[in-house]
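**Q** Coordinates for the following, if possible.
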Amino acid sequence: MKDPSDAILTAFYTALNGNLAYGSTDFPVYTFAPKADVYNYVLLEDVSLVDDSTKDRYESEGTILIEVVHGGMSKRGTLKGVNDVGNDILLLTVKTAITVSGFTWAVTPYVDNINILKEPTETSIIARKLIRLRFIIRQT
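**A** Take a look at the predicted model:
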């Protein structure tokens, strides 16, 4: 069996990219951290898999970490941007079969945990929402 990690990352990228916005601000999806001057984006990272196959069934359990970053807000900024984009991510992924190209697998993710971080800078606030999705990937 080949490692499906890259195909899983590509499948999540395809499901999310171009579908996330807050107000009039688009949130592009990256698989590597963008330049330091980019403040509104979603980063897909940290795909991990644990094989749980048997002799007649191929199945793995895995997780993916999705980071929503909304920056450049005033000191009185709210978490509404990261929360709205985070909700869109959950609607697009949770309990939805995601096709993994190049494999005969379907990924059905569910929420593992969600954390919110606020990073104050001298002039603004950068809000980050970390969403870890757990999924089971089965050969279909």
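**Q** Look up the residues forming beta bridges with Ile137.
**A** Judged by DSSP bridges, the bridge partners of Ile137 are Ser60, Val107.
**Q** what does Ala21 give?
**A** The partner residues for Ala21, given DSSP bridges, come to Asp26.
**Q** For it, the count of nearby residues, please.
**A** When neighbours are counted by other Cβ atoms under 10 Å, Ala21 registers 15. Just so you know, the C-beta spots here come from the backbone N, C-alpha and C atoms, and that holds for glycine as well.
**Q** need the contact list for it.
**A** For Ala21, the contact set (Cβ atoms under 8 Å, 6 or more residues apart in numbering) comprises 27, 85, 88.
**Q** my guess is the last one is in a helix, correct?
**A** If I follow you right, that is Asp88. Yes. Per DSSP: H, G, I helix; E, B strand; the rest coil, Asp88 lies within a helix segment.
**Q** Could you check how many residues crowd around it?
**A** If we define neighbours as other Cβ under 10 Å, then Asp88 has 18 of them.
**Q** Is it correct that it is in contact with Leu20?
**A** Yes. Under the criterion of Cβ atoms under 8 Å, Asp88 makes contact with Leu20 at 5.4 Å.
**Q** and Ala7, backbone torsions?
**A** Note on Ala7: backbone dihedrals following degrees, to the nearest 10 are phi -70, psi -40.
**Q** Who are the contact partners of the closest residue to it other than its chain neighbours?
**A** Spatial nearest neighbour of Ala7, excluding adjacent residues (Cβ to Cβ, 6 or more residues apart in numbering): Val100 at 4.7 Å. Neighbouring residues of Val100 by Cβ under 8 Å, 6+ apart: 4, 7-8, 10-11, 106-107, 137.
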